[in-house]
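A.B. asks: Could you look at this predicted model? Sequence included:
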Amino acid sequence: ELTLDELLHAMEAEDCSNAPVLLKEESATQSKVPLIEEITSTEMPEKLSTPVYEIITVKDANKNPLKIELRIELPKVSSVSECDLSISKDDIIIEVPEKYKLQLELPELVDEETTTAVFHKGKRVLFISASCQARSL
């Protein structure tokens with residue numbers, strides 16, 4: 001019969017493919033990388049930049065707002081399908097995952113049902129036109 005020490009020395013002399021599973025697991029567990037990597041939610045917004053934009057309020061002869069026109073430069077965008085656009089009566093949010101985020105309070109209340117958005121691929125510019133809501137007297 002062999003003692004434990006003699007058995008281990010005999011195994012070291014051979015290729016360790018027949019080593020007891022417990023001995024292999026013990027050495028492997030010490031070098032394991034954690035399965036779950038923790039990230040903070042503050043990492044994502046830092047990567048997003050605010051695109052260059054221009055907002056114009058078009059008014060009628062009586063200085064009443066007719067519509068709001070918004071021009072947004074998106075040089076890193078190649079297709080409108082990359083953009084997430086959300087419009088409410090008083091604000092607009094444009095998000096391009098991992099590239100841009102723009103949230104604007106609109107200077108006038110708009111009719112979100114009649115708002116149009118057109119993306120010009122060549123210029124990489126998004127044009128948004130929103131009709132202003134009629135003011136109640």
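C.D. replies: Arrived safely, thanks for sending. Numbers count the residues shown, from 1 in each chain.

A.B. asks: per-residue pLDDT, residue 62?
C.D. replies: pLDDT recorded at residue 62 is 92.

A.B. asks: Show me the contact partners of stretch 118-130.
C.D. replies: Residues outside stretch 118-130 that contact it (Cβ atoms under 8 Å, 6 or more residues apart in numbering) are 67-80, 83, 85, 87, 92, 94, 106, 110-112, 114-117. Using the backbone N, CA and C atoms, a C-beta is placed for each residue, glycine as well.

A.B. asks: actually stretch 72-79, not the one I typed
C.D. replies: Contacts of stretch 72-79 (Cβ under 8 Å, 6+ apart): 51-53, 83, 94, 96, 99-100, 102, 119, 121, 124-128.

A.B. asks: Quick check: bridge partners of residue 92?
C.D. replies: Residue 92 has these beta-bridge partners by DSSP bridges: residue 87, residue 104.

A.B. asks: right, and it touches residue 70 too?
C.D. replies: Yes. Residue 92 is within contact range of residue 70, at 6.9 Å (criterion: Cβ atoms under 8 Å).

A.B. asks: partner residues bridging residue 127?
C.D. replies: Counting by DSSP bridges, residue 127 forms beta bridges with residue 71, residue 118.

A.B. asks: mind checking which helix or strand residue 63 is in?
C.D. replies: Applying DSSP states H and E as the criterion places residue 63 outside every helix and strand.

A.B. asks: I'd like to know how many residues surround it.
C.D. replies: 6 (other Cβ atoms under 10 Å).

A.B. asks: one step back: who has more neighbours out of residue 92 and residue 70?
C.D. replies: Using other Cβ under 10 Å as the criterion, residue 92 and residue 70 rank with residue 92 on top: 24 against 21.

A.B. asks: how close does the more buried one get to residue 133?
C.D. replies: Residue 92 sits 15 Å away from residue 133, going by Cβ to Cβ, to the nearest Å.

A.B. asks: cool, residue 90 as well?
C.D. replies: Taken as Cβ to Cβ, the span from residue 90 to residue 133 is 10 Å.

A.B. asks: Find residues that contact each of these two.
C.D. replies: Contacts common to residue 90 and residue 133, judged by Cβ under 8 Å, 6+ apart, are 109-110.
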